[in-house]
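Colleague: No sequence on hand, only this structure:
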């Protein structure tokens with residue numbers, strides 16, 4: 001039986017090669033990249049390694065900076081310690097050897113706080129004293145008419161002035177009003193008399209000067225002091241001092257008995 005002849009179209013149509021058929025079968029149907037998975041993995045791994053190396057380089061620089069800072073701080077501390085040691089050595093060399101004090105066995109006493117100063121009371125008392133001593137008071141009517149210019153409070157025995165002038169009472173304190181202005185002298189005299197009475201003093205001396213340095217050589221304080229003394233209740237008597245006690249530049253004052261008597 002004769003073989004069938006091939007159709008003319010079959011001879012013209014080319015058959016695909018086996019390798020092409022295999023490649024077409026392996027290729028994905030989606031039409032994506034045809035790079036093999038092994039190549040993709042190698043490419044991704046290279047990128048990761050580059051990024052990691054860059055991070056390691058930055059970390060290395062940070063660590064180097066921190067190490068340098070720590071080293072500098074250590075050097076600075078050592079330099080300060082050496083300077084302090086040198087200063088201590090120099091100090092010990094300057095002061096030399098020191099021998100510690102032996103224990104004294106004393107017990108330290110507690111500190112006593114000073115009493116508050118009654119400023120308001122002092123100001124009030126000063127004001128009262130200033131008002132009690134008037135500059136307008138003239139003692140001529142109360143003074144004996146003699147050169148000694150003595151004074152004796154009414155009711156006191158007449159021989160008190162004579163005894164005072166003769167030194168029957170020892171002068172226990174004095175106040176010097178030389179060079180003071182009138183107001184200063186009045187305040188100083190009032191304070192002196194008050195303190196003397198509180199201390200229980202009986203005989204004091206008031207130095208007012210002879211006025212040789214005053215304008216016109218007039219003893220300004222001399223008359224003022226005698227007027228002030230005449231107004232003080234604590235003054236029993238006064239008289240001009242003898243030559244060895246100040247003469248015309250001072251007066252002896254006898255005070256009433258104070259708290260100490």
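Modeller: Arrived safely. Here the structure is a predicted model, which is why all the values come from computation and not from measurement. Numbering: from 1, shown residues only.
Colleague: use CA for all of it now, contacts and neighbours both
Modeller: Will do.
Colleague: domains of this structure?
Modeller: As assigned by automatic domain parsing, the chain contains the domains 41-88, 137-255.
Colleague: In this structure residue 174 contacts residue 202, no?
Modeller: No. Counting by Cα atoms under 8 Å, residue 174 stays clear of residue 202, with 11.6 Å between them.
Colleague: More neighbours: the two, which one.
Modeller: When residue 174 and residue 202 are compared for neighbours, residue 202 comes out ahead with 22 against 19, by other Cα atoms under 10 Å.
Colleague: In space, what's closest to that one - neighbours in sequence excluded?
Modeller: Counting by Cα to Cα, 6 or more residues apart in numbering, the nearest residue to residue 202 once its immediate chain neighbours are dropped is residue 255, at 4.8 Å.
Colleague: quick one: pLDDT of the one you found?
Modeller: For residue 255, the pLDDT comes out at 93.
Colleague: How about residue 184?
Modeller: 91.
Colleague: how many neighbours does it have?
Modeller: There are 11 residues near residue 184, going by other Cα under 10 Å.
Colleague: ok but it is inside a helix, no?
Modeller: Yes. Counting by DSSP: H, G, I helix; E, B strand; the rest coil, residue 184 is part of a helix.
Colleague: what's the distance between it and residue 177?
Modeller: According to Cα to Cα, to the nearest Å, residue 184 and residue 177 sit 8 Å apart.
Colleague: before we move on, what about residue 109?
Modeller: For residue 109, the distance to residue 177 - Cα to Cα - is 41 Å.
Colleague: quick one: which of those two has more around it?
Modeller: Per other Cα under 10 Å, whichever of residue 109 and residue 177 has more neighbours is residue 177, with 20 against 6.
Colleague: just checking, that one touches residue 220?
Modeller: No. Using Cα under 8 Å as the test, residue 177 is too far from residue 220 to be in contact (11.4 Å).
Colleague: which helices and strands does the longest helix along the chain pack with?
Modeller: If you go by DSSP state H, the chain has its longest helix at helix 37-95. Applying 3 or more Cα pairs under 8 Å, 6 or more residues apart in numbering; DSSP states H and E, we find helix 37-95 packed against no helix or strand.
Colleague: mind checking the backbone torsions on residue 202?
Modeller: phi -110, psi -40 (degrees, to the nearest 10).
Colleague: thinking it is in contact with residue 254, fair?
Modeller: Yes. Residue 202 is within contact range of residue 254, at 5.6 Å (criterion: Cα under 8 Å).
Colleague: List of residues touching stretch 167-174?
Modeller: 163, 196, 201, 202, 203, 204, 205, 206, 207, 252 (Cα atoms under 8 Å, 6 or more residues apart in numbering).
Colleague: Who wins on neighbours among those?
Modeller: Comparing those by number of neighbours (other Cα under 10 Å), residue 252 comes first, having 28 neighbours.
Colleague: helix/strand/coil for that residue?
Modeller: strand.
Colleague: is it true that it touches residue 238?
Modeller: Yes. Assessed by Cα under 8 Å, residue 252 is found in contact with residue 238 at 5.4 Å.
Colleague: intersection of neighbour lists for the two?
Modeller: With Cα under 8 Å, 6+ apart as the test, residue 252 and residue 238 both reach residue 164.
Colleague: Now do residue 170 against residue 98, distance only.
Modeller: Taking Cα to Cα, one finds residue 170 at 56 Å from residue 98.
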